[in-house]
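Chemist: have a look; sequence and predicted model below, questions after that.
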Amino acid sequence: MSLSVLLAAGGTGGHMVPAHALSEELRRRGHRVTLLTDARGLRFPGLFESVERHVLDSATASGLSPLAWVRALLAIWRGRATGRDVARAVKADAVVGFGGYPSLPGLLAGLSLKLAAVLHEQNAVLGRVNRRLQGRVSAIALSFERTARLDPALTGKSVVTGNPVREAILAARDAPFAAPPPGQPFRLLVVGGSQGARILSERVPAAAARLPAEERARLSVVQQCRPEDLSAVLAAWRAAGIEADCRPYLEDMPEQLAAAHLVIARAGASTVAELAAIGRPSILIPFAAAADDHQTANAAALVAAGGAVALPEAQATPAAIAGAIRGFLDSPEALAGAAAAARGVGLPDAARRLADLVEHEVRALAGVREARS
């Protein structure tokens, strides 16, 4: 049976990447996919390029301004109305929401039309939109065994699917990891996430500058950073005596991950999932201001398995980062062990599991409707 599935996702790559991975799996099964997103959701190269896309009005509000809240609610209501029109036009059977406020209008549209509705949570802490809607959907897909803020009464409809990653990441999963022996070239990848991370731009080159000259000479660096930080980051690497390839967006991220001996990154959901799926050791610096400190929770499974070292932002000084880098530079055995440990906690079939769940929920809803008729 061919289905028509709405995917509600927008904002950051952490929401868009797993939605795209699910879309590829659903389309491979012969289903029709329609993306409901915000303007930011259209900016990611290589995602949803051959999928029907609709931009819905949406907004978020904080603080105590009544006017801001009214404007946000009106935008969400307009987005919901547009989403209902799209759902009817494509004869949607299901809606899958990936969290974040841009997903809210599309999810509300699907719920109002009584479609099969699934939430996917990428992080180890249920996000605000998913928390508010968890009681209204038919299933909740989780990326982590332990997910905070999940209503205990709803655990019966939650399923651990993992966080879907791009096919190119999975294609590189079986690329062998060879830890370089002392004195040999060492490939370092620094990733700030889809929005970049200034702390990595400022502290990682400064950390590398503290390494002994013979270790700096080994480093081959690729760094993703904000466009406005690009010239300063390049200058900092040059000042450290290290040539670096610095770019605002790494379109070849799967290849860069496969080639890396060590990754320094934030602990966003997609980053953690990709590190585990492909099996690469990492130094993670969770974003301290993330809602509910979810990045620290995201990193916990990799750290517990031995696949990563986590440095809280306040403790991630250049000296501390340099010490963590040296720990891997000086021990190929530790590097190889961390790579294997990271790979061991990956769920490479997350997209398949999530697609199975969507199909199951559509069948279950059809069965309920048939029983009532």
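Modeler: Perfect, thanks for sending it. Worth saying up front: this structure is predicted, and the values here are computed from it rather than measured.

Chemist: packing partners of the one helix or strand Gly367 maps to?
Modeler: According to DSSP states H and E, Gly367 maps onto helix 350-372. Packing partners of helix 350-372 (3 or more CB pairs under 8 Å, 6 or more residues apart in numbering; DSSP states H and E): helix 13-28, strand 94-97, strand 116-121, strand 139-142. (Each C-beta comes from the backbone N, C-alpha and C, glycine too.)

Chemist: list the buried ones in the next helix or strand after the third one?
Modeler: Spelled out, that is strand 116-121. In the C-terminal direction, the helix or strand that comes right after strand 116-121 (DSSP H and E) is helix 128-133. Across helix 128-133, burial judged by 16 or more other CB atoms under 10 Å covers 128-131, 133.

Chemist: check those and tell me the two furthest apart.
Modeler: Arg128 and Leu133 (9.8 Å; CB to CB).

Chemist: related to what we said a few turns ago, ok, and what's touching the helix holding Gly367?
Modeler: 3, 5, 18, 21-22, 24-26, 29, 93-94, 96, 115-118, 120, 138-139, 141, 143, 159, 161-165, 273, 347 (CB atoms under 8 Å, 6 or more residues apart in numbering).

Chemist: kindly report the same for stretch 142-155.
Modeler: Stretch 142-155 is contacted from outside by 120-126, 131, 134-135, 140, 158-163, 269, 273, 292, 297-298, 301, 347, 350, using CB under 8 Å, 6+ apart.

Chemist: shaky segments in the chain?
Modeler: For the chain, residues meeting the criterion pLDDT under 70 lie at 61-64, 193-196.

Chemist: could I get the full set of strands for it?
Modeler: For the chain, strands defined by DSSP state E occupy the ranges 4-8, 32-37, 52-55, 94-97, 116-121, 139-142, 158-160, 186-191, 219-224, 244-247, 262-265, 282-284, 308-310.

Chemist: including distance to Arg198 and mean neighbour count, could the ones you listed go into a markdown table?
Modeler: Putting these into a markdown table (distance: least, CB to CB, whole Å; neighbours: other CB atoms under 10 Å) gives the following:
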| stretch | distance to Arg198 | mean neighbour count |
| --- | --- | --- |
| strand 4-8 | 30 | 27 |
| strand 32-37 | 26 | 24 |
| strand 52-55 | 29 | 16 |
| strand 94-97 | 30 | 28 |
| strand 116-121 | 27 | 28 |
| strand 139-142 | 31 | 24 |
| strand 158-160 | 34 | 16 |
| strand 186-191 | 12 | 23 |
| strand 219-224 | 12 | 21 |
| strand 244-247 | 13 | 18 |
| strand 262-265 | 14 | 25 |
| strand 282-284 | 16 | 27 |
| strand 308-310 | 19 | 23 |
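
Chemist: can the ones you listed go into a markdown table with extra columns for distance to Ser373?
Modeler: A markdown table is the format used below for these (distance: least, CB to CB, whole Å):
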| stretch | distance to Ser373 |
| --- | --- |
| strand 4-8 | 21 |
| strand 32-37 | 25 |
| strand 52-55 | 31 |
| strand 94-97 | 20 |
| strand 116-121 | 17 |
| strand 139-142 | 23 |
| strand 158-160 | 28 |
| strand 186-191 | 52 |
| strand 219-224 | 54 |
| strand 244-247 | 57 |
| strand 262-265 | 52 |
| strand 282-284 | 52 |
| strand 308-310 | 52 |
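
Chemist: please name whichever of those strands is nearest to Gly83.
Modeler: Nearest to Gly83 among the strands of the chain is strand 32-37; the distance by CB to CB comes to 5.5 Å.

Chemist: so what's the gap between the closest one and the chain middle?
Modeler: In terms of CA atoms, centre = their mean, to the nearest Å, the centre of strand 32-37 is found 18 Å from the chain centre.

Chemist: how about stretch 242-260?
Modeler: Centroid separation for stretch 242-260 versus its chain: 17 Å, with CA atoms, centre = their mean.

Chemist: just the CA trace of it, in PDB.
Modeler: Only the C-alpha atoms of stretch 242-260 are listed here, as PDB (Å, rounded to 0.1, in the frame of the first residue of the first chain):
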ATOM      1  CA  ILE A 242      49.000  24.800  10.900                       C
ATOM      2  CA  GLU A 243      47.300  24.900   7.500                       C
ATOM      3  CA  ALA A 244      43.600  24.400   7.800                       C
ATOM      4  CA  ASP A 245      40.700  24.000   5.300                       C
ATOM      5  CA  CYS A 246      38.000  26.200   6.900                       C
ATOM      6  CA  ARG A 247      34.500  26.500   5.400                       C
ATOM      7  CA  PRO A 248      31.100  27.700   6.500                       C
ATOM      8  CA  TYR A 249      29.400  24.500   5.300                       C
ATOM      9  CA  LEU A 250      30.900  21.100   4.700                       C
ATOM     10  CA  GLU A 251      28.900  19.700   1.800                       C
ATOM     11  CA  ASP A 252      31.200  16.700   1.900                       C
ATOM     12  CA  MET A 253      30.700  16.000   5.600                       C
ATOM     13  CA  PRO A 254      30.300  12.200   5.200                       C
ATOM     14  CA  GLU A 255      33.600  12.000   3.400                       C
ATOM     15  CA  GLN A 256      35.200  14.300   6.000                       C
ATOM     16  CA  LEU A 257      33.900  12.200   8.900                       C
ATOM     17  CA  ALA A 258      35.100   9.000   7.200                       C
ATOM     18  CA  ALA A 259      38.600  10.500   6.800                       C
ATOM     19  CA  ALA A 260      38.900  12.000  10.300                       C
END
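
Chemist: what comes up buried for that stretch?
Modeler: Buried positions in stretch 242-260, judged by neighbour count with 16+ other CB under 10 Å: 242, 244, 246, 250, 253-254, 256-258, 260.
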